[in-house]
Structures are given as C-alpha cells and as structure tokens.
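> Let's see this in three dimensions:
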Amino acid sequence: MKIRIVNTGLLQRYKNVKIRTAQREMRKIKDYFDKQPHHFVTNREVAEYYGVSIDDIEGLLNE
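The predicted model follows:
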C-alpha cells in the first residue's frame with residue numbers, strides 16, 4: 001500500500017461534510033498525532049484516527 005498525503009478535500013468527500021468541517025477534522029487529526037499546522041497527514045494516519053482500513057481511504061483516492 002502506498003503512503004499518500006490526504007488533504008481537506010479528500011477528508012470532505014470521506015466524511016460527506018462541508019469544507020469548514022473537514023478543516024476542523026484535519027486540525028483534530030494533526031493534534032492527535034502531535035503535528036504542527038504545516039505538516040502533512042497521510043492516509044495511514046487518517047485510517048488509524050477513524051479506525052478504518054487504509055483500503056477505505058484509498059478507495060476515495062482512486063475515484
């Protein structure tokens with residue numbers, strides 16, 4: 001499985017929320033992993049945060 005960078009647009013599609021809510025979620029994920037605002041979030045981190053498989057996140061990247 002490839003490690004890919006997840007942006008707020010992908011998070012928005014995954015959660016089916018508005019962009020502002022996706023930005024808040026991204027901030028929560030970065031806080032959870034003790035990342036600074038300019039650091040990237042990977043598909044593995046998002047999968048771990050939400051407790052889903054990486055394949056679920058990758059499915060959105062391939063759409």
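
> roughly how far apart are Q23 and I3?
22 Å (CB to CB, to the nearest Å). Placement of C-beta: from N, CA and C, glycine included.

> Between the two, which is the more surrounded one?
For the pair Q23 and I3, the greater number of neighbours falls to Q23 (14 against 9), based on other CB atoms under 10 Å.

> residues touching the closest residue to the more buried one other than its chain neighbours, list them.
Distance criterion CB to CB, 6 or more residues apart in numbering; nearest residue to Q23, sequence neighbours excluded, is T8 at 5.3 Å. Neighbouring residues of T8 by CB atoms under 8 Å, 6 or more residues apart in numbering: 19, 22-23, 26.

> From Q36, how far off is T8?
T8 is 16 Å from Q36, by CB to CB.

> Restricted to helices, list the contacts of T8.
If you go by DSSP state H, the contacts of T8 have 19, 22-23, 26 in helices.

> Now which of those residues would you call buried?
22, 26 (16 or more other CB atoms under 10 Å).

> which of the ones in helices among the contacts of T8 lies closest to E48?
M26 (14.5 Å; CB to CB).

> contacting residues around the closest one?
Contacts of M26 (CB under 8 Å, 6+ apart): 8, 11, 41.
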